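>>> heads up, no residue letters with this:
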């Protein structure tokens, strides 16, 4: 009877332990799935100094492009709001995830050619996640990424067409151009994990669902370069960071 009671106690303890979200790993240590006790890193990326005057883009070479805009189109190299919040910055975990591996999302990231511009100007994806390039214009385009660490490709797209491709290796970031319309420029940042985000219009960002640990967090901008900070964050903790880039 004592042996049976001991057995039942062990079984009950194990059931409670598993139901709490913990898993017994090899070697007797315990670990929690990333969703349990996850941490958050959020903050803002700012531009210090005056915002450079954006250059106007001439689309006169293709009237079908020019006719898509009621006013002059400006380049998107450095875009900030009235408080210095910097857009189009990729904030990501650069180090600290160890040997963890992550399956890529099945849903594609959409990169549109609209108004003879790439929208969004900067897109971030996971390695081997589908990238769907859509031509929303009444004129032909071609999508031409020029990577260093991935396969280069160049595909023509008629109006309304879609092209789907993937990038197998991490690369931050891949320039993308259209050989038909030389003013068209964009970027695709590729990561081996899901901990990345592109800043909002006010420069804010929010990295969700991080396991606790010590991380190097970096911010990348196409013209202003890279900034880096190292943090230690615990389970269920939220930390706020501010990245500041100097104006050109």
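Perfect, I can see it now. Given the structure is predicted, the values throughout are model-derived calculations rather than measurements.
>>> centre of the chain versus stretch 134-150, how much separation?
With CA atoms, centre = their mean, to the nearest Å as the basis, stretch 134-150 stands 19 Å off its chain's centre.
>>> could you tell me the end-to-end distance of that stretch?
21 Å (CA to CA, to the nearest Å).
>>> quick one: contacts of stretch 151-168?
In this structure, residues lying in contact with stretch 151-168 by CB atoms under 8 Å, 6 or more residues apart in numbering are 108, 113, 125, 127-147, 150, 174, 179, 188, 190. Where you see a C-beta, it was placed from the backbone N, CA and C, and this is true even at glycine.
>>> show me just the buried residues among those residues.
With burial judged by 16 or more other CB atoms under 10 Å, the buried subset of the contacts of stretch 151-168 is 108, 113, 125, 127, 129, 131, 133-135, 137, 139-145, 147, 150, 174, 188, 190.
>>> out of the contacts of stretch 151-168, which sit inside strands?
113, 125, 131-135, 141-145, 174, 188, 190 (DSSP state E).
>>> what sits closest to the residue positioned nearest the centre of the chain if chain neighbours are left out?
Taking CA atoms, centre = their mean, the centroid of the chain lies closest to residue 124, which sits 3.3 Å from it. Distances taken as CB to CB, 6 or more residues apart in numbering put residue 189 closest to residue 124, at 4.3 Å, once the chain neighbours are dropped.
>>> do the same with residue 217
Nearest-residue entry for residue 217: residue 229, 5.3 Å, with adjacent residues in sequence omitted and distances by CB to CB, 6+ apart.
>>> could you give the bridge partners of residue 57?
Beta bridges link residue 57 to residue 73, judged by DSSP bridges.
>>> neighbours of it, just the number please.
The number of residues packed near residue 57 is 19, by other CB atoms under 10 Å.
>>> that one is in contact with residue 73, isn't it?
Yes: between residue 57 and residue 73 there is a contact under CB atoms under 8 Å: 4.5 Å.
>>> contacts only, for residue 80.
Residues counted as contacts of residue 80 (CB under 8 Å, 6+ apart) are 46-47, 51, 86-87, 203.
>>> for it, give me the pLDDT.
On pLDDT, residue 80 comes in at 94.
>>> hey, where'd the helices end up in the protein?
Here the chain has its helices, by DSSP state H, at 2-19, 63-66.
>>> about what we covered before: narrow the contacts of residue 80 to those in strands?
Using DSSP E, the members of those that fall in strands are 46-47.
>>> which one of the contacts of residue 80 sits closest to residue 218?
Ranked by distance to residue 218 (CB to CB), the contacts of residue 80 are led by residue 86 at 14.3 Å.
>>> number of residues surrounding that closest one?
Residue 86: 26 neighbours (other CB under 10 Å).
>>> ok, residue 205 next?
Neighbour tally, residue 205, other CB under 10 Å: 22.
>>> residues in contact with it?
Residues counted as contacts of residue 205 (CB under 8 Å, 6+ apart) are 42-45, 89, 91, 197-199.
>>> which one of those has the most neighbours?
Among those, the one with the most neighbours (other CB under 10 Å) is residue 45, at 29 neighbours.
>>> was I right about that one contacting residue 91?
Yes: assessed by CB under 8 Å, residue 45 is found in contact with residue 91 at 6.8 Å.
>>> quick one: common contacting residues for the two?
199, 205, 219, 243.
>>> measure the first one to residue 72 for me?
Residue 199 sits 25 Å away from residue 72, going by CB to CB, to the nearest Å.
>>> go on, residue 172?
According to CB to CB, residue 172 and residue 72 sit 31 Å apart.
>>> neighbour count winner among those two?
Remark: of residue 172 and residue 72, residue 172 carries more neighbours, 18 against 10, as counted by other CB under 10 Å.
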